[in-house]
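**Q** I would like the atomic coordinates for the input below:
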Amino acid sequence: MKISPIKEHEDFYYNEQGYKVFTEAFHLKRGYCCKSGCKHCPYGYDKKTDTFLKTPKNNSTK
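**A** Residues are numbered from 1 along each chain as shown. The predicted model follows:
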């Protein structure tokens, strides 16, 4: 499977500290949760409890 290059403002942005932050759109394109506790996780993963708090949103790009 070929993965397209990531695009700033669509797939990620830089926060005030200069870190790259992936967007919800990027996570949905990737198609799975990495269980890292990402800020914009569409899968509802809670790193503190190691559980999923909600069901994933539908990826309409498939």
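**Q** contacts for stretch 2-12 next, please.
**A** Contact with stretch 2-12 is made by 14, 20-23, 25-26, 29, as judged by Cβ atoms under 8 Å, 6 or more residues apart in numbering. For the C-beta atoms, the positions are set from N, CA and C on the backbone; glycine is no exception.
**Q** end to end on stretch 6-17, go ahead and measure it.
**A** One end of stretch 6-17 to the other measures 20 Å (Cα to Cα, to the nearest Å).
**Q** low pLDDT regions in this protein?
**A** 1, 3, 54-62 (pLDDT under 70).
**Q** mind running it again at 90?
**A** For the chain, the stretches with pLDDT under 90 are 1-4, 53-62.
**Q** which stretches of it form strands?
**A** Per DSSP state E, the chain carries strands over the ranges 12-14, 20-22, 45-46, 51-52.
**Q** tabulate these (CSV), appending mean neighbour count.
**A** Below are these laid out as CSV (neighbours: other Cβ atoms under 10 Å):
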stretch, mean neighbour count
strand 12-14, 14
strand 20-22, 14
strand 45-46, 16
strand 51-52, 12
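**Q** got these as JSON lines, with distance to residue 35 columns?
**A** Formatted as JSON lines, these follow (distance: least, Cβ to Cβ, whole Å):
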{"stretch": "strand 12-14", "distance to residue 35": "19"}
{"stretch": "strand 20-22", "distance to residue 35": "14"}
{"stretch": "strand 45-46", "distance to residue 35": "6"}
{"stretch": "strand 51-52", "distance to residue 35": "9"}
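**Q** how close does the nearest residue to residue 27 once chain neighbours are set aside sit to residue 24?
**A** Using Cβ to Cβ, 6 or more residues apart in numbering and skipping residues adjacent in sequence, the residue nearest residue 27 is residue 42, 5.3 Å away. To residue 24, residue 42 is 5 Å away according to Cβ to Cβ, to the nearest Å.
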